[in-house]
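> next input, structure requested:
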Amino acid sequence: MEVTGKSNAVVVLESCLQESTIYFSDHEKILKCNPYCTHVEYLREFDVFQWTFEVDDPRNNPIVALFFVKQTQEILPVDSPDFCRCATRNHQPVDVQRPGKKIRWTTADAVPGMNPGNNHTFIGTTHSEICLLHQSDNKTAVHFETNISLDFQLSFPLNLMPEPVLKLMSNTIMSKIMQQATESMLCQVQSDICCAMLEIAVEGGKK
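Below is the predicted model of the structure:
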């Protein structure tokens, strides 16, 4: 049974768009802010990142989810649907005269062969977009949206439940976990950038 989780969040960073983009481009650093991510590894041979996530199912059994992810970056034109959508959702006005940036995390086409060897490790797929828009006072509005899917093999007694009911319940639980993790991750990112900006300011004052 395929289970899908979705999350989205908005955060304002105390750094300009260029600095914020450099920060979010550091794939491993960002993912390590996720409380459920236990390991991030860059697989040079495939030019992809491997994520390892660990959570407990409703019966407190461990679930390990592996993702093989390609990261790309592109300009976000001011007249693009994504720019307009993010600008509308933002809590404060953004600069609609300057293009933003978009970082994508998508499931890689070529991945290493995997044989988990147990019944609690699953290979997942993902599509995440991080849209960064200029704000006033050298701030950056960040819109983080992610969508992941896992194909579970149901075990007793879960496999006795009607699949539509179980699927709805599982999607809801996964989305709730993902939303909490996303918000926690962005809070950590926000804190890190604030500390980094403060450190830069202090060092600048010494010169």
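
> endpoints of stretch 47-67, how far apart?
Taking CA to CA, to the nearest Å, stretch 47-67 runs 13 Å from one end to the other.

> what is the mean pLDDT for it?
The predicted model assigns stretch 47-67 a mean pLDDT of 83.

> repeat for stretch 28-40
The pLDDT scores in stretch 28-40 average 88.

> what are the contacting residues of it?
23-24, 27, 42, 49-55, 177, 181-182, 184-186, 188-189, 192 (CB atoms under 8 Å, 6 or more residues apart in numbering). (Glycine included, C-beta is placed from N, CA and C.)

> only whichever of those residues are buried, select them in PyMOL.
Only the buried entries of the contacts of stretch 28-40 go into this PyMOL selection, using 16 or more other CB atoms under 10 Å:
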select buried, resi 23+24+27+49+50+51+52+53+55+177+181+182+185+186+189
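
> out of the contacts of stretch 28-40, which are inside helices?
Tyr23, Phe24, His27, Ile177, Ala181, Thr182, Ser184, Met185, Leu186, Gln188, Val189, Asp192 (DSSP state H).

> farthest pair in these?
Tyr23 and Ile177 (24.5 Å; CB to CB).

> any idea how far apart the tips of stretch 25-40 sit?
End-to-end distance for stretch 25-40, by CA to CA: 14 Å.

> likewise stretch 18-37?
26 Å.

> could you do stretch 18-34 as well?
23 Å.

> now swap in stretch 74-84 and tell me
For stretch 74-84, the end-to-end distance is 16 Å (CA to CA).

> buried ones in that stretch, by neighbour count?
Of the residues in stretch 74-84, Leu76, Val78, Ser80, Asp82, Phe83 count as buried by neighbour count, 16+ other CB under 10 Å.
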